[in-house]
Structures are given as structure tokens and as C-alpha cells.
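> sequence and predicted structure are below.
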Amino acid sequence: MGRAQKDRLPHYFPFVFLLFRTGMREGEAVALRPGDVDVRSRLILVERNLASGRFLEDRPKNGRRRQVDIAADLLTVLKDHLALRCTESALFGREGPEWLFTTPEGYQIRSNNFRDRIWNPLLASLGLRYRCVHAIRHTYATRLIMAGAPLVYVQRQLGHSSIQVTVDTGMPGGHGNARGSGTICAQRPSGRSDKWFLTPCHPRRRTTQTVD
């Protein structure tokens with residue numbers, strides 16, 4: 001996402017950028033609190049989800065908490081965003097922001113409203129055919145896999161229940177071996193251990209329909 005895209009959604013840019021850089025589910029991103037972002041360790045703690053308009057504490061999808069790596073460019077965006085949120089809270093006499101991302105009016109982001117008022121107009125302005133917000137998650141998975149990331153790392157980043165779900169989500173055709181190299185959109189933060197590059201993965205052929 002470049003400068004032109006950023007200019008089209010200034011308020012929601014950090015939210016959308018996080019989706020592209022982490023592959024998090026929309027409900028997980030909406031449910032983030034500022035304290036879930038550890039800028040020193042470059043990690044995001046995912047421990048709640050927004051489903052059917054309700055926040056489910058300690059219940060991300062699959063019922064598993066996880067930590068998600070923060071890429072260097074996302075870290076910069078989140079630092080600026082956190083500073084802005086704290087400034088806004090101080091101006092309105094509040095102790096601190098409750099949620100990391102909100103609407104411009106300070107309300108919780110609702111999936112339908114975001115899709116109709118922000119996401120769909122953005123796609124149209126860019127001349128892109130419709131794709132759901134959840135497709136960002138699939139794009140993230142595919143780019144990680146094609147860059148050579150082991151499936152077990154991709155699985156942990158996305159919070160999939162199994163390697164098979166990861167294969168079905170990110171592999172072209174739903175099966176195959178993770179290959180490729182180079183820098184990708186969702187790259188690791190610098191300084192992270194390279195150990196995950198050496199983890200052997202053996203994806204199986206797709207046999208059942210899975211949900212990510």
C-alpha cells in the first residue's frame with residue numbers, strides 16, 4: 001500500500017496497514033487494546049475477538065492466544081498511531097484510549113460499516129474488483145509462503161488450528177511445497193532469529209474443506 005492509497009483513508013490507514021502486515025482477522029484487529037502492542041519486543045498479543053458485535057475476551061478464533069511479529073514498517077506506523085491516540089485521550093480528559101482502533105468519532109469499528117463506507121469505496125477508487133476484507137489474510141499467507149517461510153511459522157502468525165488450514169489458505173491450488181526467497185510485504189522484524197527459516201514442513205494434499 002503506497003502513499004496514494006494512504007491518502008485515501010488517513011484515519012483507517014493504521015488499521016488496514018496492520019491487516020496487510022500481520023494477516024490478523026478483522027475481528028481480532030478491532031478488538032486490540034493499546035496494551036496489546038509491545039513495541040520493545042515487536043510483538044502483538046492476540047487474545048480477544050469481535051464476533052457478532054460482541055467482544056469475546058480470551059477467545060480469539062480457535063480459542064488460542066498468540067503473539068504476532070511486528071515488521072519494522074508496521075512498528076513505525078503503530079508508534080505514531082499510539083502517540084496520536086494518547087494525545088486524543090488527553091484532549092478529551094480521558095485516562096487513555098480503550099481500543100487501539102476506532103471510528104473517527106471514537107466508536108468501535110463495525111465490519112459492515114467499515115466495508116460499505118471505507119473498504120468498498122477504496123477498492124472502487126483504485127479500480128479493483130470487489131474482494132472481502134478477509135482476503136487480505138489469504139494474501140498475507142500466500143506471500144509469506146512464497147517467500148520461503150516455513151508453514152509452521154505462517155500457522156503461528158495466523159493462528160490456524162492446523163498446518164492443513166495454512167496450506168489451504170496460502171498455497172496456490174491448495175497444496176504444494178513452500179518455496180521462494182526474498183523480501184516480502186510482511187517481512188520479519190530485523191533481529192528476529194532465523195531459526196524458523198530452518199524448520200522443515202511437509203504440507204499434505206488438500207483433502208477436506210477448511211476454515212481459517
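Okay, I see it.
> where along this structure do the strands fall?
Secondary structure of the chain by DSSP state E: the strands cover 37-38, 43-46, 48-51, 54-57, 66-69.
> now do the buried residues in the longest helix along the chain.
Once the chain is assigned using DSSP state H, the helix that runs over the most residues is helix 72-91. Buried positions in helix 72-91, judged by neighbour count with 16 or more other Cβ atoms under 10 Å: Leu74, Leu75, Val77, Leu78, His81, Leu82, Arg85, Ser89. Heads up, the C-betas are built off the backbone N, CA and C, glycines and all.
> so the residue nearest to the fourth one when sequence neighbours are not counted versus Thr87, what's the distance?
Setting aside the residues directly before and after it, Leu78 is nearest to Val37 in space (Cβ to Cβ, 6 or more residues apart in numbering), at 5.7 Å. Summarising the geometry, the distance separating Val37 from Thr87, computed by Cβ to Cβ, to the nearest Å, is 16 Å.
> tell me what the residue nearest to Leu78 is bridged to.
Using DSSP bridges, the bridge partners assigned to Val37 are Ile44.
> state the pLDDT value of it.
We note a pLDDT of 97 for Val37 in this prediction.
> that one contacts Val46, doesn't it?
No - using Cβ atoms under 8 Å, Val37 makes no contact with Val46, being 10.8 Å away.
> and for Val165, the neighbour number?
Using other Cβ atoms under 10 Å, Val165 has 19 neighbouring residues.
> with Arg110 instead?
Arg110 has 14 neighbours, counted by other Cβ under 10 Å.
> so what pLDDT did it get?
pLDDT, Arg110: 91.
> what do you get for Leu84?
90.
> from Val152, how far out is it?
Note on Leu84: its distance to Val152, by Cβ to Cβ, is 36 Å.
> how about Leu100, what does it touch?
Residues counted as contacts of Leu100 (Cβ atoms under 8 Å, 6 or more residues apart in numbering) are Leu32, Arg33, Pro34, Asp36, Val37, His81, Leu82, Arg85.
> tell me the spacing between the third one and Thr142.
Put plainly, it is Pro34. 30 Å.
> tell me the domain ranges of this protein?
The record's domain split for the chain, according to automatic domain parsing, is 3-125, 135-198.
> rewinding a little: can you put the buried residues of helix 72-91 in a markdown table and add distance to Gly96?
What follows is these, written out as a markdown table (distance: Cβ to Cβ, whole Å):
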| residue | distance to Gly96 |
| --- | --- |
| Leu74 | 21 |
| Leu75 | 20 |
| Val77 | 19 |
| Leu78 | 16 |
| His81 | 14 |
| Leu82 | 10 |
| Arg85 | 8 |
| Ser89 | 5 |
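> and of the residues you listed, the nearest to Val165?
Distance ranking of the buried residues of helix 72-91 against Val165, using Cβ to Cβ, places Leu74 first at 23.8 Å.
> nearest residue to that closest one other than its sequence neighbours?
Per Cβ to Cβ, 6+ apart, closest to Leu74 is Arg21, 4.2 Å.
> the one you found: neighbouring residues, count only.
Applying other Cβ under 10 Å, we find 24 other residues in the vicinity of Arg21.
> quick one: the helices in this structure?
3-8, 13-22, 26-30, 72-91, 111-114, 120-125, 135-146, 151-158, 163-170.
> brilliant, that's me finished.
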